[in-house]
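>>> Sequence first, predicted coordinates after that:
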Amino acid sequence: MRLSAAQLEALPANIARPGYDRDARGIGIVHFGIGAFHRAHMAAYTDNAMAAGAGDWRILGVSLRSPAVRDQMRVQDGFYTLVERSAGGSKARIIGAVTDVLVASEERERLNAALAAPTTHIASFTITEKGYCRAPDGSLDLALADDHSAFSYLAEAFARRKAAALPGLTLLSCDNLAGNGAQLKRLIGDYLAARAPALVDWFEGQCTCPSTMVDRIVPATTDADRADIESLIGLRDEAAVVTEPFSQWVIEDNFFGPRPAWELHGAQITSDVHAYETAKLRMLNGAHSALAYLGLKRGHHYVHQAIADPALAPLIGQLMREEAAASLTPAPGQDLNAYADALIERFNNPALNHRLAQIAMDGSQKIPQRWLETLAFHQAHGRQCPAILSSLAAWLGHIRGDNGAVDDPLARALKAVWDQAGADGIVPALFGPATLMASGWHPSDAEAAFIRAAICAN
Ligand code: CS2
């Protein structure tokens, strides 16, 4: 029997369910990119906020193209199980915050109507780094953006809101980009300037884009997880999500209209998220990517295996503490050493089975904010970062194809650079001026030699 509204009563008594009357609440949020991360993070905070008090904050989930999540969730009336897993065991609850999921390209009118409804106040995003349609130099790639991006749907909705003299929206990026709110604002602004210039002023005056730091480790759900959850709740749940007990959300206090009381359940609303965001990107995500490429190279499958490898653990510690943390200015009260300790403990969670291959995806979109900014900082101070350079060498091996097929929007272009430049020339060919990965880091000859030696070491 499948999980659904009608089956909630059949759940075992120890499985918590939504603590509010779902049918009495309206939609207030349209969320683009409703993958496992959103369901384990923002949707859970929103479920808690609705249980804590009044508010029409149900979420309409949107997938840009893939019907997979819609097909999993629609027949379940949007309900799904969220399981927190640690060495101590599993804790499951049912989340009711998501009303429905639609595929944008199939139900365009319904999406537009939801975005243009007076009761909708927030459009939020977990569309992954590549969903922002940036060209290698960071500017908007219009051709990508025209092709069913979130931006193209927003433009239509903005036109309707403006014509109806409705207030604007808060546009909330929950992706792992540096300054995610500012980037979202710039990219939407550029999209409108090119495709709907009459909306630029309206957007600037009527919408805000708070920056956020989002953190929760959410491995992709496997068939084994679904079977496990079925035995836990007695119902089949195709949309179940497995995560760690830890969760953090720091949000810039910059909302255009109302918002759920997320802070009642742990979200931090602050005037400045920058310090949290850069620490998370460079320490957690930076270490994650290093574990992925170095770990795959050493034959590991999961994060907890790679972090337990004595050949890798010291290097990961060095990357987090001596390289990433040393490049940061902590917020008042932020203890980066304690943060590194806590991250290592989270990586060690043996119950999560977080696949390295999942983290290794889309490296070209991830490593600029995870590694290259740290390298640039230390370069300006005349220092090298051996742990990041070793990780970069492992990534170069990965995109050459050393670990099998490469899942990255630039996979073909990266391979072409490899084929042309070879191990001797790959660093300048990929990271030099006006190249695919050009950034504020300008590899020195010594750094290029370090990476080359690491690539050729085996
Ligand atoms: C990971 C992140 O897949 C990845 O690239 O580094 O998804 C990471 O698990 C989350 O950002 C943790 O908050």
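Happy to help now that I have it. Residues are numbered from 1 along each chain as shown.
>>> contacts, neighbours, all on C-alpha from now
Will do.
>>> Next, the contact list for the residue found closest to L264 once you drop the neighbours it is linked to in the chain, please.
Closest residue to L264 in three dimensions, ignoring its sequence neighbours and counting by CA to CA, 6 or more residues apart in numbering: A49, at 6.8 Å. If you count contacts by CA atoms under 8 Å, 6 or more residues apart in numbering, A49 has them with P260, A261, W262, L264, H265.
>>> what sits opposite L60 in the beta ladder?
Residues in a beta bridge with L60, per DSSP bridges, are V30, D100.
>>> In terms of pLDDT, where does it sit?
Listed pLDDT for L60 reads 98.
>>> Test my guess that it contacts I27.
Yes: counting by CA atoms under 8 Å, L60 sits close enough to I27 to count as a contact (6.6 Å).
>>> more neighbours, these two?
In this comparison of L60 against I27, neighbours counted by other CA atoms under 10 Å, the higher total goes to L60 at 25 against 21.
>>> so who does that one touch?
By CA under 8 Å, 6+ apart, the residues touching L60 are I27, I29, V30, H31, V98, T99, D100, V101, L102.
>>> cutoff 6 Å now
L60 is in contact with V30, T99, D100, V101, counting by CA atoms under 6 Å, 6 or more residues apart in numbering.
>>> could those residues go into a markdown table alongside neighbour count, distance to the ligand and pLDDT?
Shown next, in a markdown table, are the contacts of L60 (neighbours: other CA atoms under 10 Å; distance: CA to the nearest ligand atom, whole Å; pLDDT from 0 to 100):
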| residue | neighbour count | distance to the ligand | pLDDT |
| --- | --- | --- | --- |
| V30 | 25 | 21 | 98 |
| T99 | 21 | 24 | 97 |
| D100 | 20 | 24 | 98 |
| V101 | 26 | 22 | 98 |
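>>> how close does D23 get to A5?
Computed with CA to CA, to the nearest Å, the distance linking D23 and A5 is 10 Å.
>>> if you count what's nearby, which of the two comes out ahead?
Taking neighbours as other CA under 10 Å, D23 and A5 compare with A5 leading, 14 against 8.
>>> Could you list the residues of the chain in contact with the ligand?
Residues of the chain lying close to the ligand (CA under 6 Å from any ligand atom) are V214, D215, R216, I217, N285, H288, Q358, I359.
>>> Now the fourth one. Its backbone dihedrals?
Dihedral angles phi and psi of I217 (degrees, to the nearest 10) take the values phi -80, psi 120.
>>> and the residue of the stretch 151-300 of the chain found nearest the ligand, what are its phi and psi?
The nearest approach of the stretch 151-300 of the chain to the ligand comes at D215, 3.2 Å away (CA to the nearest ligand atom). As for D215, its main-chain torsions (degrees, to the nearest 10) stand at phi -150, psi 120.
>>> Can you tell me what sits against stretch 168-183?
Around stretch 168-183, the neighbours that count as contacts under CA under 6 Å, 6+ apart are 121-126, 128, 206-211, 255-256.
>>> quick one, what contacts the residue of the stretch 151-300 of the chain closest to the ligand?
Applying CA under 6 Å, 6+ apart, we find D215 in contact with S247, Q248.
>>> Pretty sure E230 sits against R236.
Yes: with contacts defined as CA atoms under 6 Å, E230 counts as touching R236 at a distance of 5.2 Å.
>>> quick one: V75 and D237, what's the gap?
When CA to CA is the yardstick, V75 and D237 sit 10 Å from each other.
>>> Could you confirm F256 falls within a strand?
No: residue state for F256 (DSSP: H, G, I helix; E, B strand; the rest coil) corresponds to coil; a strand is not indicated.
>>> That one - how many residues pack around it?
The burial count for F256: 19, using other CA under 10 Å.
>>> Now name the helix or strand holding the residue nearest to the spatial centre of the chain.
By CA atoms, centre = their mean, the mean C-alpha position of the chain lies nearest to D175, the distance being 3.9 Å. Assigned by DSSP states H and E, D175 belongs to no helix or strand.
>>> Tell me, what's the model's pLDDT at it?
D175 is assigned a predicted lDDT (pLDDT) of 98.
>>> Number the chain from 188, please
Let's use 188 as the start, then, which means that last one is D362.
>>> State the distance from it to E294.
For D362, the distance to E294 under the criterion CA to CA works out to 24 Å.
>>> what residues does the longest helix along the chain touch?
With residue count as the measure and DSSP state H as the assignment, the chain has helix 598-618 as its longest helix. The contact list for helix 598-618 (CA under 6 Å, 6+ apart) reads R587, L623, M624, A625, A635.
>>> again, only using 10 Å
The set of residues external to helix 598-618 that reach it, using CA atoms under 10 Å, 6 or more residues apart in numbering, is 549-551, 559, 579-580, 583-584, 586-588, 592-593, 595, 597, 619, 622-632, 634-636, 638-640, 642-643.
>>> And stretch 378-394, by the same measure?
Residues from elsewhere that reach stretch 378-394, judged by CA under 10 Å, 6+ apart: 308-309, 327-329, 332-333, 338-339, 341-343, 345-346, 348-349, 353-358, 372-377, 441-444.
>>> Filter those down to the buried ones.
308-309, 327-329, 332, 338-339, 341-343, 345-346, 348-349, 354-358, 372, 374-377, 441-443 (16 or more other CA atoms under 10 Å).
>>> mind listing which of the contacts of stretch 378-394 are in strands?
Secondary-structure check on the contacts of stretch 378-394 using DSSP state E: residues within strands are I309, T357, L358.
>>> Can you read off the pLDDT for the last one?
In the predicted model, L358 carries a pLDDT score of 98.
>>> all helices of the stretch 188-337 of the chain, in order?
Chain-ordered helices for the stretch 188-337 of the chain, with DSSP state H, counting those that start in this stretch as the definition, fall at 223-227, 229-239, 255-260, 295-302, 329-333, 337-350.
>>> Take those helices and write them to CSV, including mean pLDDT and distance to G368.
Compiled in CSV, these are given as follows (pLDDT from 0 to 100; distance: least, CA to CA, whole Å):
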stretch, mean pLDDT, distance to G368
helix 223-227, 98, 17
helix 229-239, 97, 16
helix 255-260, 98, 26
helix 295-302, 97, 19
helix 329-333, 96, 18
helix 337-350, 97, 14
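>>> could these be laid out in CSV, adding distance to A513?
Output for these, formatted as CSV (distance: least, CA to CA, whole Å):
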stretch, distance to A513
helix 223-227, 29
helix 229-239, 30
helix 255-260, 40
helix 295-302, 43
helix 329-333, 36
helix 337-350, 36
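>>> For T457, which of those helices is the nearest?
In this view, the helices of the stretch 188-337 of the chain are compared for proximity to T457 by CA to CA, and helix 229-239 is the closest at 16.6 Å.
>>> Now do that closest one: distance to the chain's middle.
For helix 229-239, the gap between its own C-alpha mean and the chain's C-alpha mean amounts to 19 Å (CA atoms, centre = their mean, to the nearest Å).
>>> Now do the buried residues in that helix.
By neighbour count, with 16+ other CA under 10 Å as the criterion, the buried positions of helix 229-239 are M229, A230, A231, Y232, T233, D234, N235, A236, M237, A238, A239.
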